[in-house]
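Engineer: 3D model of this:
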Amino acid sequence: MPLKFPPIYLLKSFLKVDELHKLAKQIDPVYNLEEAELILGNIKTAKRAAHDLRTLKLFTEEVVSKGKINDTSEAENERRTRPKKKQRVNKDKDGKDVITLDSSTESEGQTDTEVASKPRKTPSNGRISATVSLGEPASAIRNASTKPNRSHGTKKDTVKVLKLSWYTDSVTAGKLLPIEDYLIYEGRITGEPQHTKPDKQKNPSHALSRMKAEAPPMEKSHHRNKPSKSQSQGSQASTRPPRLLHETTSEHDIVANLPPVPAYLHSKYSCERPTPLHCVNDEFLSQLRIIRDAHILMGAEAVGHKFSDKAYSGGISTISAYPYKLKSAKEVLNLPNCGQKIAGLFQEWKNTGHLQEADDLQTDEKNQALILFTGIFDVGDTTARQFYKKGWRTIEDVIQYGWDTLHRGQQIGVKFYNEFQQRMSRKEVEKIANIVLDHAVKLRPGFQMVICGGYRKGKPDCGDVDVILSNPDEETTEGFLCPLLESLEESGHVTHTLKYSERTSERGQSPVSWKGGMKRSKSGFDSLDHMFVAWQDPDWPMKKADLKKNPNAENPNPHRRVDIIVTPWKTAGCAILGWSGGKAFEKDLRSFCRNKKGWKFDSSGVRSVANGTWIDLEKGGGDMLVKEKRVFEAIGLEWRDPIERCTD
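Structural biologist: Below you'll find the model as predicted:
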């Protein structure tokens, strides 16, 4: 009889993609941290465990175990056995008391005089997050009340992170083993994140000030090492990345033995190099991404430099594809796209294990509010900043003050905000995609499907489902979206439509009309027939009994975001390629085509920059995946599996 494990959440750190997939099949983990009773990870230290939890927006303070208390006591006893500095009270020549410290052993027989002192101020162990309470469906959010803080004195308020070997050893033993020997970290949840209003009398937040201080000047200076007057006056040494240290003998040896920089890193196009989902420098990169994303979210005006995020993006892109563990700031400087700023941040991270600016941003009210708002369907950076300028800080604020200003898709995104934020397993993604394909084939035989997005890039869990459909019979794809939507609505799988477009069918499935030299249009996926829907599995284990008891019983299954794209067969390879890469990969792919081939690429096809003529890159037989490989070959790129296109 198989063992019945409690709900387990699996940390991704230091696990390769294939290892994650294998473990996910064995463990069947939960993807919502709140549902987990235990957390397993391929990690060794409590410090790393706490870091991973913070990354997941779970803030804790370590619960000191009995063993650690004993260790501390032993250390304290050892310290106490050392000769102490004795305090003696003498009189000076004026008759005033003078305290003398004596560390000699000759004074041990003398009586110590107790001297009262002020208690030291200790920093708070708890970290306050600026994330805010999330909304329920629109009908319920308006009257939602804030959840009470949990009591910190109960075991339910702690999370336990165990070694991954607890699971494998339990399976081998045929029973659930005690967790004590496998416990890496136990942390007490520091309560619901506190929402604090900014003090209008104060200057912008520390995190924002840091970004402004570190931003390079708008104009190039001929004196690179001489800071401007405003920089000298406005910046504090504590807010800058640490200067690179002078080389010691050992550091000189490290520099002399640096591994060779792979040739593919010298290309400015990320589509020419392999970028895996995880790399050996993930821990440092996670800190850089927090800063880079904040620069993008807050905008050029806030950070003080129009291209500040590009410096981070270039460094992140390079380090993500670098196959070696970084050991020194000098090694960072040796890499393309990594200047003094990135190297200085690496030095800070190496010295302290974190970046202060990243820590500040994780509790910065503005940054956290913008992250919250961009989690709403079809709310981008600009719209999120507009929400913030209006004084909105929570989903409830959006509903109370701006509900009527939202379009229908955004309203649905707010209604199902919590559910859309939940991750889903690859197994669930496959189940949803296969249902879509079944409906398509029943309506018009011959349809093929490819699951794209994060699933195809190898992610162990996904935030939504991206499905591309096509059919060798091109007449079947024209106007197909409407009957497919009706079929999925009738079956109860699609509950709401967030966005719907039949642009390809409206123009007779011809590629987007475009003349050479015209201003470039926006993302090509918009030109394909597509529908973005809210999906809910209509079946659940107790459905029959629940409906018998209450005909209006609510479906307990969470709503999922599902994007369904229908592409003509002649450009199916371009559509798949356009939906299977990271942001930098897709951006650089378009730049490569324009600069190297004189072509304009998007998900709807390839056209000549000179005259706008459509170029057929996919002639010949084969399925949709074969067509994608033909596009790579025609463009002049080495084939990269989707798991090597994981750029930011």
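Engineer: Lys499 pairs with what?
Structural biologist: Phe532 (DSSP bridges).
Engineer: against Leu326, how distant is it?
Structural biologist: 42 Å (Cβ to Cβ, to the nearest Å). Glycine gets a C-beta too; all of them are placed from N, C-alpha and C.
Engineer: of those two, which one has the most company?
Structural biologist: Leu326 (20 against 16; other Cβ atoms under 10 Å).
Engineer: my guess is the more buried one contacts Asp282. True?
Structural biologist: No: using Cβ atoms under 8 Å, Leu326 is not in contact with Asp282; the gap is 11.2 Å.
Engineer: the host helix or strand of His439 packs against which elements?
Structural biologist: Take DSSP states H and E as the rule and His439 turns out to sit in helix 426-443. Helices and strands touching helix 426-443, by 3 or more Cβ pairs under 8 Å, 6 or more residues apart in numbering; DSSP states H and E, are strand 448-451, strand 461-462, strand 464-470, helix 481-490, strand 560-566.
Engineer: and that helix, what's buried?
Structural biologist: 426, 428-429, 432-433, 435-437, 439-440 (16 or more other Cβ atoms under 10 Å).
Engineer: what sits against Leu637?
Structural biologist: 271-272, 589, 592 (Cβ atoms under 8 Å, 6 or more residues apart in numbering).
Engineer: C-terminal to the worst-scoring helix or strand of the chain on mean pLDDT, what's the next element?
Structural biologist: Using mean pLDDT, DSSP states H and E, the weakest-scoring helix or strand in the chain turns out to be helix 138-141, at a mean of 36. Using DSSP H and E, the helix or strand that follows helix 138-141 in sequence is strand 158-163.
Engineer: and that next one, which strands flank it?
Structural biologist: strand 38-41 (parallel), strand 183-189 (antiparallel).
Engineer: quick one: low-confidence residue ranges for the stretch 201-350 of the chain.
Structural biologist: 201-256, 300-308 (pLDDT under 70).
Engineer: what segments of it are helices?
Structural biologist: 206-214, 229-234, 249-256, 282-303, 308-321, 329-333, 340-352 (DSSP state H, counting those that start in this stretch).
Engineer: got the buried residues for the fourth one?
Structural biologist: Right, helix 282-303. 282-298, 302-303.
Engineer: what angle do the helix holding His439 and helix 481-490 make?
Structural biologist: Inter-element angle recorded for helix 426-443 and helix 481-490: 120 degrees (by axes from the mean of the first three to the mean of the last three Cα atoms, to 10 degrees).
Engineer: what mean pLDDT does helix 426-443 have?
Structural biologist: Throughout helix 426-443, pLDDT has a mean value of 98.
Engineer: quick check on Glu37: phi, psi?
Structural biologist: With angles defined as degrees, to the nearest 10, Glu37 sits at phi -100, psi -30.
Engineer: could you check how far Met542 is from Lys431?
Structural biologist: Distance from Met542 to Lys431, by Cβ to Cβ: 19 Å.
Engineer: likewise for His51?
Structural biologist: Counting by Cβ to Cβ, the gap from His51 to Lys431 is 33 Å.
Engineer: kindly report the same for Gly508.
Structural biologist: 35 Å.
Engineer: check contacts around Gly581.
Structural biologist: Per Cβ under 8 Å, 6+ apart, neighbours of Gly581: 271, 457, 589, 642, 645, 647.
Engineer: no no, Trp639
Structural biologist: 629, 632-633.
Engineer: just confirm it is within a helix.
Structural biologist: No: remark: Trp639 does not belong to a helix; assigned using DSSP: H, G, I helix; E, B strand; the rest coil, it is coil.
Engineer: from Ile615, how far out is it?
Structural biologist: 19 Å.
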